[in-house]
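# next come a sequence and a model predicted from it.
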2 protein chains.
Amino acid sequence: MSGPSDEFEWIARGLAPLAEGAPEAFGLLDDAAAIPSRPGFDLIVSKDAMVEGVHFLKEDSPDLVARKLLRVNLSDLAAKGADPYGYFLAVAWPDKFGWPEREAFAHGLAEDQARFGLKLFGGDTVATPGPLTCSLTILGWTPAGRMVRRAGARAGDVIFVSGTIGDGYLGLLCAKGLWVTNSYIEADWLADRYRLPQPRSGLAGALRDHANAAADVSDGLIADAAKVASASGVGLEIDLDRLPLSEAAAAWLARAASPVEARIELATGGDDYEIVCAVAPENAPALLAAAERAGIALSPIGTATAGSGVRVFTDGLEVEVAQAGYVHR
Amino acid sequence: MSGPSDEFEWIARGLAPLAEGAPEAFGLLDDAAAIPSRPGFDLIVSKDAMVEGVHFLKEDSPDLVARKLLRVNLSDLAAKGADPYGYFLAVAWPDKFGWPEREAFAHGLAEDQARFGLKLFGGDTVATPGPLTCSLTILGWTPAGRMVRRAGARAGDVIFVSGTIGDGYLGLLCAKGLWVTNSYIEADWLADRYRLPQPRSGLAGALRDHANAAADVSDGLIADAAKVASASGVGLEIDLDRLPLSEAAAAWLARAASPVEARIELATGGDDYEIVCAVAPENAPALLAAAERAGIALSPIGTATAGSGVRVFTDGLEVEVAQAGYVHR
């Protein structure tokens, strides 16, 4: 058979294996899932959507698209200090997606749901005359009242960011052929960072225990920091000289005509799926120790202050950031 | 301003009012919502997606599209015996949707979330070069372990269906100009049934108390009955002569060249958003009384038997149904 005969067969063959072992899902044979109450815990829910040509490239393989979809949602859970539990999936398939593409999509989900410890609970699969469009609703758990919020940063907090910043943005440039590095290895590595973000799930517990506020960095470091500032009612001062950079990003920066503009580009480019968080100075050592145990780097990049908005510094001077983050439009 | 300046402004202006009074949603200022545990209850979750040109017409107004999206999901909750609680929304907007269209969409949601008693908890809003595409994840509550499942029908059960069948299908024909009635009033009424389904939320409690199995009728009565049969491990016998029909559908049937084929068309057309359920004969009077109190008609259309699959009868003879329900492809 060259194409799926219908939606039901796709659910039974492609998706039901992803729900195995999850009594919540009733084998995907029902209209809904049932989540039993877990006293003492809050269910943390987030929902992110992706569109072909906007959030991933037309030529990206379906297994990577599926994994990115799961991972951008896992990134939200991690920032909230929540442990992964399950997810609901809606996919609108263009005609060109036959069985092989759909099976690759399911394989991508299978791989990452095993890696991150969650299962498929339900969803919907429909046809579209347009681009591949998918949304995922992710569920996680925190102890009651312990979700790490955007609101919660206090003046005097240290601002940390996980991993490195700017690789996803440079990876998109590489994947689109808009920037050609001297090194194929570097270009592939960067493009991978765009196509397959690394959600910082290992940080969830540490954020819950030690952070006052956190958000994941998806729209760009400055834009997401601005949301933390606004929700918390504080100002943030960010020092671009302390931006944690990969070797590839550092090499790109070294060749840039204007290092200041280049740093701003990295801090506003988006697609990082790192975590920015605000931590009281006295809790910083415990957070750093927990992050080290999880094998995740955390770099101090600034402080929270009285006031509002994000002020950005480099070479000791304040710089103006025109567009605070990439807006998917 | 002619168009939304960005996603954040749309969330703040258009969507945040829909989350007012819901502490779960943190004013839509966070990456996630937090659902507190409700001991003794299960959280019932369903997710349905809709695509312009597939599940609704290009010319349908945005407020009706939003209300249909909410209602097709409410229909799932009702069939599961669950009481509405909240929802997550993902919308991929084409460029042509500016502020007026988005505001109309939000107004549609506001109207129906008030009517059906639920609130917006979160979601995502993105851009698409393709058709308007939206998905909604709906949350409801049942007492623990009391979700009405597709699996649960037993041989001997009476099969009931709510409301009338076939109006959504005929409404789509009218809206597309594929069928011209003599009566504009009839045509408008039918097109309304397609554009604005009536979820049977008033039946949720009665189904929980009295039904062995239930599903909502979205893909067509026969197709959805077949899913109940398959999940329950029983056969279903459905008598098309007992199909509850509106005046408009009855008039259409009376003019049909082949009444048998026309009845099958109505029973497989889809877009009914009624409820098909299986009830032990001794519980039928209580279910009917509860439905009457809710002002919702329930009609007996068949019985569950030992065996498998759906057998369809009309004029006392068994008929073969080639395509068991409309498949959105």
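Ah, there it is.
# looking at chain A, which residue is nearest chain B?
Residue of chain A nearest chain B, by C-beta to the nearest C-beta: A:G130 (2.2 Å). C-betas here are computed from N, CA, C, even on glycine.
# wouldn't A:P300 be in contact with A:E237 here?
No. Checked against C-beta atoms under 8 Å, the pair A:P300 and A:E237 is beyond contact range at 11.6 Å.
# who has more neighbours out of these two?
In this view A:P300 and A:E237 are compared by other C-beta atoms under 10 Å in any protein chain shown, and A:E237 has more residues nearby, 19 against 16.
# and the residue of chain A closest to chain B, what is it in contact with?
Residues near A:G130 by C-beta atoms under 8 Å, 6 or more residues apart in numbering or on different chains: A:A92, A:P94, B:V51, B:T128, B:P129, B:G130, B:P131, B:T133.
# run a quick neighbour tally on A:G235.
When neighbours are defined as other C-beta under 10 Å, A:G235 has 18 of them.
# chain neighbours aside, what residue packs nearest to it?
Residue nearest to A:G235 in three dimensions, not counting chain neighbours: A:G307, with 3.3 Å by C-beta to C-beta, 6 or more residues apart in numbering or on different chains.
# sec struct for the one you found, please.
Following DSSP: H, G, I helix; E, B strand; the rest coil, we place A:G307 in the coil state.
# now do it against A:E237, distance only.
Distance, A:G307 to A:E237, by C-beta to C-beta, to the nearest Å: 9 Å.
# A:I44: what secondary structure?
Following three-state DSSP, the label given to A:I44 is strand.
# again with A:E318
Look at A:E318: counting by three-state DSSP, its state is strand.
# list the contacts for it?
A:E318 is in contact with A:R311, A:V312, counting by C-beta under 8 Å, 6+ apart.
# 6 Å instead?
Residues in contact with A:E318 (C-beta atoms under 6 Å, 6 or more residues apart in numbering or on different chains) are A:R311.
# pLDDT below threshold where in chain A?
For chain A, the stretches with pLDDT under 70 are A:1-5, A:323-329.
# try 50 this time
Flagging of chain A using pLDDT under 50 yields the residue ranges A:1-4, A:325-329.
# how is it carved up into domains?
A:7-143, A:158-319 (automatic domain parsing).
# highest average neighbour count across these?
Per residue and on average, the most neighbours among the domains of chain A fall to domain A:7-143, with a mean of 21 (mean count of other C-beta atoms under 10 Å in any protein chain shown).
# isn't there a strand covering A:T125?
Yes. Judged by three-state DSSP, A:T125 forms part of a strand.
# wait, it sits on A:D6?
No. Using C-beta atoms under 6 Å, A:T125 is not in contact with A:D6; the gap is 10.0 Å.
# how about the strands in chain A?
Here chain A has its strands, by DSSP state E, at A:33-36, A:41-51, A:83-93, A:119-127, A:133-143, A:158-162, A:213-217, A:235-239, A:274-279, A:298-305, A:309-314, A:317-319.
# strand partners of the first one, parallel vs antiparallel please.
This means strand A:33-36. As defined by DSSP bridges, the strand partners of strand A:33-36 come to strand B:41-51 (antiparallel).
# same check, this time on the fifth one
The pairing partners recorded for strand A:133-143 under DSSP bridges are strand A:41-51 (antiparallel), strand A:83-93 (antiparallel).
# which residues of the stretch 101-250 of chain A lie near chain B?
Applying C-beta under 6 Å from any C-beta of the partner chain, we find that the stretch 101-250 of chain A lies next to chain B at A:123-124, A:126-131, A:133, A:135, A:137, A:147, A:149-150, A:215, A:231.
# for the residue nearest to A:G171 when sequence neighbours are not counted, give its distance to A:G123.
Nearest residue to A:G171, sequence neighbours excluded (C-beta to C-beta, 6+ apart): A:Y194, at 3.2 Å. Using C-beta to C-beta, one gets 25 Å for the distance from A:Y194 to A:G123.
# repeat that for A:S230.
From A:S230 over to A:G123 (counting by C-beta to C-beta), the distance is 32 Å.
# one more: A:G40?
Shown here: A:G40 relative to A:G123, a distance of 28 Å by C-beta to C-beta.
# same deal with A:V319?
Taking C-beta to C-beta, one finds A:V319 at 44 Å from A:G123.
# do the same with A:A294
The spacing between A:A294 and A:G123, counted by C-beta to C-beta, is 30 Å.
# just how off-centre is stretch A:238-253 within its chain?
Offset of stretch A:238-253 from its chain centre (C-alpha atoms, centre = their mean, to the nearest Å): 19 Å.
# ok, residues contacting it?
A:164-167, A:170, A:186, A:190, A:262-263, A:267, A:299, A:301-302, A:312-314.
# please redo it, this time with the cut-off set to 8 Å
The contact list for stretch A:238-253 (C-beta under 8 Å, 6+ apart) reads A:159, A:161, A:163-167, A:170, A:179, A:181, A:183, A:186, A:189-190, A:193, A:221-222, A:225, A:259-260, A:262-264, A:266-267, A:297, A:299-302, A:310-315, A:319.
# could you do stretch A:101-110 as well?
Outside stretch A:101-110, the residues that touch it by C-beta under 8 Å, 6+ apart are A:4, A:10, A:14-15, A:17-18, A:61-67, A:70, A:89, A:91, A:93, A:97, A:120.
# okay if I get the strands of chain A as JSON lines plus distance to B:P199?
JSON lines is the format used below for the strands of chain A (distance: least, C-beta to C-beta, whole Å):
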{"stretch": "strand A:33-36", "distance to B:P199": "19"}
{"stretch": "strand A:41-51", "distance to B:P199": "21"}
{"stretch": "strand A:83-93", "distance to B:P199": "19"}
{"stretch": "strand A:119-127", "distance to B:P199": "16"}
{"stretch": "strand A:133-143", "distance to B:P199": "20"}
{"stretch": "strand A:158-162", "distance to B:P199": "43"}
{"stretch": "strand A:213-217", "distance to B:P199": "35"}
{"stretch": "strand A:235-239", "distance to B:P199": "45"}
{"stretch": "strand A:274-279", "distance to B:P199": "39"}
{"stretch": "strand A:298-305", "distance to B:P199": "46"}
{"stretch": "strand A:309-314", "distance to B:P199": "44"}
{"stretch": "strand A:317-319", "distance to B:P199": "53"}
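# so which of these comes closest to B:G81?
When the strands of chain A are compared by C-beta to C-beta, strand A:33-36 sits nearest B:G81, at 10.6 Å.
# do I have it right that A:A191 meets A:C174?
Yes. Using C-beta under 8 Å, A:A191 is in contact with A:C174, at 4.8 Å.
# A:A32: what's it in contact with?
A:G122, B:I44, B:V45, B:S46, B:D76, B:L77, B:K80, B:A82, B:G140, B:M147.
# output those as TSV; include the columns distance to B:F105.
Listed next are the contacts of A:A32 as TSV, based on distance: C-beta to C-beta, whole Å:
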residue	distance to B:F105
A:G122	25
B:I44	25
B:V45	23
B:S46	21
B:D76	21
B:L77	21
B:K80	26
B:A82	25
B:G140	22
B:M147	30
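# just name the closest of these to A:A278, please.
Nearest to A:A278 among these, counting by C-beta to C-beta, is B:V45 at 31.8 Å.
# pairing partners for the closest one in the sheet, please.
Assessed by DSSP bridges, B:V45 has beta-bridge partners A:A33, B:L139.
# ok, now the one 5 residues further on?
For B:M50, the beta-bridge partners are B:C134 (DSSP bridges).
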